[in-house]
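K.L.:
Here's a sequence, model it:
(chains A, B, C and D)
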Number of protein chains: 2
Amino acid sequence: MAGLTAPLLGLQKKSLREQALSALRTAITSGELAPGRHLVETELSEMLQISRGTLREALRQLEQEGLLSAGPRGRLSVRHLDEKEIRDIFAVRAALESLAARTLCELPDRAHAIQSLRQTIDVMEAAQDLSLEERIESDMNFHRTLCRLTGNETLLHSWESLEGSIRMSIMFGGLEKGVKNMSVDRHRDIVAAIETGDASLARKTIRAHMDSAAANLVA
Amino acid sequence: MAGLTAPLLGLQKKSLREQALSALRTAITSGELAPGRHLVETELSEMLQISRGTLREALRQLEQEGLLSAGPRGRLSVRHLDEKEIRDIFAVRAALESLAARTLCELPDRAHAIQSLRQTIDVMEAAQDLSLEERIESDMNFHRTLCRLTGNETLLHSWESLEGSIRMSIMFGGLEKGVKNMSVDRHRDIVAAIETGDASLARKTIRAHMDSAAANLVA
DNA sequence: TGTAAGTCGACTGTTTACAGTCGGTCGTAG
DNA sequence: CTACGACCGACTGTAAACAGTCGACTTACA
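P.N.:
All right, here's what the predicted structure looks like:
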């Protein structure tokens, strides 16, 4: 937990609030702040070296992202995910990414999008031998890119709002299980489906990917 | 805009932040705060009779809901939606509600859910002769209920995060156009599809409903 | 010994004050 | 008349202080 201060001292291009947001997100999704852990504002503000007012703005955002749950009298704690919630999160994720895939399928000239996706998969492939964290990172990047390439800002925003929950799910289920679902081939299948323009196939591929990911996590 | 203070003076069961949140949401989705309008913190805090700190927490939340857009140096303004964005919002909405419908279809005993949905439609029917606002309210209630009945909290939360944008879309497209899509029959079709348990049919019904709604709004 | 009242402490909700920064405007010089 | 520069106002970012509330612990009394 002492590492919480470090990220803030570095690169000061962003506002303190955004820095605190990133630091907290990382701390939560990395397990540094364990699920169920009660958060005390004064404690956190001191650790992050920021004022409570600024911290509270960040906490509101995290709360909305579903990383924190509010107890009585505004007491915040790190959200705890049970198996059903993980499945639910991945169901919503699947719905969003299915929309993304379908949207890309309907794109007349999706060559550039296909190329971009392939590029992210290449990065994944190169990360195979790296740490679990970096493999997860490259996987998330693929899926985020999938949403971004649609040009649907609302879709991207919704997905990003879910990103924290997804990361928590992976952490909760265990990183080892998490990376199991990140096979390069699976992702190539998705891109291939999009390339054919078969929206139905793309949707099925995405859903299968998500279902197995969720199933593996809760197993 | 003078009406902004009123909601806060009444029922003080919620925190000031939540009251401000509701007041601002209403002000934006009702058009009282016009799209593109620049928001000044001191101005708003004075109107709502709350401090800037408390106000800022509410603003962060609205920002995340997509009702506000951030300009340079954190300048906030009411988000302006163009036609593409409205279509995009409804595409995401369709994806979420399709998931809801599919989930309900797969529910073994969905009799209770069906009944709840029928009830909300009855309310819609009774609201036919009331104001546009009330008709919209009853329509939103149906769709929110659709998501809630799945028991998927993440789905409900994602939908509610989108609710503000949906309301803005309706306001932007014109309330008259908005209510056109809220025919009782359409909604009965959705419930009927869910009742049969045909997930594919339910999905198609939802998507048709959403597509026509979006199309009407931007027409 | 059990219970009830009272006190202490911790935490959140809220407000007020201060600092920094950007843009505009007015004045002046070329 | 234009261009440059210093001042001024407005607004956000941030910090510190105040107030209220709930729970826990202690103590007194039956």
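K.L.:
Of all the helix elements in chain A, which one is longest?
P.N.:
helix A:83-105 (DSSP state H).
K.L.:
if you look at that helix, does any of it touch chain B?
P.N.:
Yes. Applying CB under 8 Å from any CB of the partner chain, one finds helix A:83-105 touching chain B at A:85, A:88, A:89, A:91, A:92, A:94, A:95, A:96, A:98, A:99, A:103. Quick note: C-beta positions are derived from backbone N, CA and C, even for glycine.
K.L.:
between those residues, which is nearest residue A:217?
P.N.:
Of all those, residue A:217 sits closest to residue A:89, with 9.7 Å by CB to CB.
K.L.:
how close does the closest residue to residue A:86 other than its chain neighbours sit to residue A:20?
P.N.:
Closest residue to residue A:86 apart from its sequence neighbours, by CB to CB, 6 or more residues apart in numbering or on different chains: residue A:169 at 4.5 Å. Relative to residue A:20, residue A:169 is positioned 23 Å away (CB to CB, to the nearest Å).
K.L.:
Could you do residue A:45 as well?
P.N.:
Residue A:45 is 9 Å from residue A:20, by CB to CB.
K.L.:
before we move on, the earlier item: what residues of the helix or strand just after the longest helix of chain A count as buried?
P.N.:
Using DSSP states H and E, the next helix or strand after helix A:83-105 towards the C-terminus is helix A:111-126. Applying a neighbour-count criterion of 16 or more other CB atoms under 10 Å in any protein chain shown, one finds A:113, A:114, A:116, A:117, A:118, A:120, A:121, A:123, A:124 buried in helix A:111-126.
K.L.:
ok, now stretch A:29-36?
P.N.:
Buried-residue list, stretch A:29-36, by 16+ other CB under 10 Å: A:29, A:32, A:33, A:35.
K.L.:
more crowded one of residue A:169 and residue A:20?
P.N.:
residue A:20 (28 against 25; other CB atoms under 10 Å in any protein chain shown).
K.L.:
Do you know the pLDDT at the more buried one?
P.N.:
According to the prediction, residue A:20 has pLDDT 86.
K.L.:
ditto for residue A:132
P.N.:
So residue A:132 comes in at 89 (pLDDT).
K.L.:
now swap in the one 10 residues further on and tell me
P.N.:
At residue A:142, the predicted lDDT confidence score is 96.
K.L.:
Tell me what angle the strand or helix carrying it forms with helix A:111-126.
P.N.:
For residue A:142, the element it lies in under DSSP H and E is helix A:132-148. For helix A:132-148 against helix A:111-126, the angle by axes from the mean of the first three to the mean of the last three CA atoms, to 10 degrees is 170 degrees.
K.L.:
CA-only coordinates of helix A:132-148 in PDB, if you can.
P.N.:
C-alpha atoms of helix A:132-148 as PDB (Å, rounded to 0.1, in the frame of the first residue of the first chain):
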ATOM      1  CA  LEU A 132       0.800 -11.900 -16.400                       C
ATOM      2  CA  GLU A 133       0.000  -8.200 -15.900                       C
ATOM      3  CA  GLU A 134       1.400  -7.300 -19.200                       C
ATOM      4  CA  ARG A 135      -0.400 -10.100 -21.000                       C
ATOM      5  CA  ILE A 136      -3.700  -8.900 -19.400                       C
ATOM      6  CA  GLU A 137      -2.900  -5.400 -20.400                       C
ATOM      7  CA  SER A 138      -2.400  -6.400 -24.000                       C
ATOM      8  CA  ASP A 139      -5.600  -8.400 -23.900                       C
ATOM      9  CA  MET A 140      -7.600  -5.400 -22.500                       C
ATOM     10  CA  ASN A 141      -6.100  -3.300 -25.200                       C
ATOM     11  CA  PHE A 142      -7.400  -5.500 -27.900                       C
ATOM     12  CA  HIS A 143     -10.900  -5.400 -26.600                       C
ATOM     13  CA  ARG A 144     -10.800  -1.600 -26.000                       C
ATOM     14  CA  THR A 145      -9.500  -1.100 -29.500                       C
ATOM     15  CA  LEU A 146     -12.400  -3.200 -30.800                       C
ATOM     16  CA  CYS A 147     -14.800  -0.800 -29.200                       C
ATOM     17  CA  ARG A 148     -12.900   2.300 -30.200                       C
END
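K.L.:
Good, we can wrap up now.
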